[in-house]
Every structure is written in structure tokens, then in C-alpha cells.
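Chemist: Sequence first, predicted model second:
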Amino acid sequence: MYRYLLQSVTALILLAAAAAAHAGDGPSRSERAKLTATQDAYVAAVRWSDFEGAERFIDPEYLKLQPFTDLQRERYRQVQVSGYRERSSSAGADGSIERRVEMSVINRNTQAERTVVVNERWRWDPDNKRWWQAGGLPDLWQGH
């Protein structure tokens with residue numbers, strides 16, 4: 001009897017620990033589905049070099065601190081995205097999703113193509129029930 005009780009208590013403790021661990025695993029199934037749809041729409045905008053459209057996915061908190069300027073918008077008009085490939089994705093400790101992306105970009109003036117690696121950080125907004133790209137538009141001029 002004592003052994004049965006000990007096994008039952010141990011099983012309950014393990015079950016509670018597993019449930020607690022699962023709660024911190026990251027986004028729910030519904031949130032993951034929204035993330036996929038949001039990232040697909042964002043990638044479509046960036047892939048078609050529609051950076052003004054891509055701005056709609058940028059976190060409003062980021063935009064408060066670093067609003068886009070006309071000069072920045074003009075720089076994005078000078079490039080054509082020719083490739084966009086996700087290289088890796090992982091969950092951050094704060095529940096955000098980090099994504100490493102390789103982009104191929106063509107300068108419209110010189111027709112020179114180059115490849116850049118950018119990091120995206122996606123943040124879940126529980127109030128608006130949506131994902132935001134929390135790192136701004138990709139830096140296509142790294143080292144320039």
C-alpha cells in the first residue's frame with residue numbers, strides 16, 4: 001500500500017512538473033499558426049521588395065524608438081530582393097522567436113548582387129493577438 005501511494009505521489013509530481021515545463025515551451029498552437037501566417041505575409045512583402053508593405057509588420061514599440069525616415073525608405077527603393085531563405089529559427093527566453101535569414105539583394109543602379117545574413121526577432125502581442133517583427137526592417141547595408 002505504501003509503495004502504491006509513493007508511486008502515485010511521484011507520478012503526480014512528475015505530471016505537474018511536465019505540465020509546468022510545457023507551459024514555458026513557447027507559443028501555443030494557435031500562436032504558432034498566426035506566426036507562420038504573419039511570417040509568410042512579411043516574407044512575401046520583402047521578397048517582392050515591398051518594404052513599405054513590410055513596415056506594417058514592424059513592432060510599434062520599435063517604431064516609437066526608431067521611426068523610419070524618408071532617406072531610409074529611399075534606400076530600400078534602390079534594391080531588389082532576389083532571394084530570401086530561412087537558415088534557422090529558435091525560441092528566445094522571453095517567448096520571442098529568433099530567425100536567421102539569408103537574403104540576396106541586387107542594387108538597382110549597379111546591378112551588383114550580394115548576400116547578407118539578417119536576424120529577425122518576432123514578438124507576440126497578447127493584447128492585439130498578433131506577432132510583430134521586433135527588430136525593424138533588414139539591414140541590407142551591413143558593412144557599407
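Modeler: Noted; the coordinates are in hand. Numbers count the residues shown, from 1 in each chain.

Chemist: Show the contacting residues for residue 60.
Modeler: residue 132 (CB atoms under 8 Å, 6 or more residues apart in numbering). All C-beta spots, glycine's among them, are computed from the backbone N, C-alpha and C.

Chemist: Go ahead and confirm residue 132 touches residue 59.
Modeler: Yes. Contact between residue 132 and residue 59 holds when scored by CB atoms under 8 Å: they sit 3.7 Å apart.

Chemist: just the helices in the protein please.
Modeler: Applying DSSP state H to the chain gives helices spanning 2-23, 29-47, 51-54, 60-65, 70-77.

Chemist: where does the protein dip in pLDDT?
Modeler: 1-25, 143-144 (pLDDT under 70).

Chemist: center of it - which residue?
Modeler: Nearest residue to the geometric centre of the chain (CA atoms, centre = their mean): residue 122, 3.1 Å.

Chemist: Show me what counts as buried in stretch 68-84.
Modeler: When burial is assessed from 16 or more other CB atoms under 10 Å, stretch 68-84 yields the following buried residues: 76, 79, 81, 84.

Chemist: Would you mind measuring the gap between the ends of it?
Modeler: For stretch 68-84, the first-to-last residue distance is 22 Å (CA to CA, to the nearest Å).

Chemist: how close does residue 87 get to residue 36?
Modeler: Noted for residue 87: a distance of 17 Å to residue 36, by CB to CB, to the nearest Å.

Chemist: if we can go back for a sec, of residue 132 and residue 59, who's got more company?
Modeler: Taking neighbours as other CB atoms under 10 Å, residue 132 and residue 59 compare with residue 132 leading, 22 against 18.

Chemist: Tell me, how many residues neighbour residue 101?
Modeler: 19.

Chemist: That one and residue 121 touch, don't they?
Modeler: No. Residue 101 is beyond contact range of residue 121, at 11.4 Å (criterion: CB under 8 Å).

Chemist: and for the two, which residues touch both?
Modeler: By CB under 8 Å, 6+ apart, no residue touches both residue 101 and residue 121.
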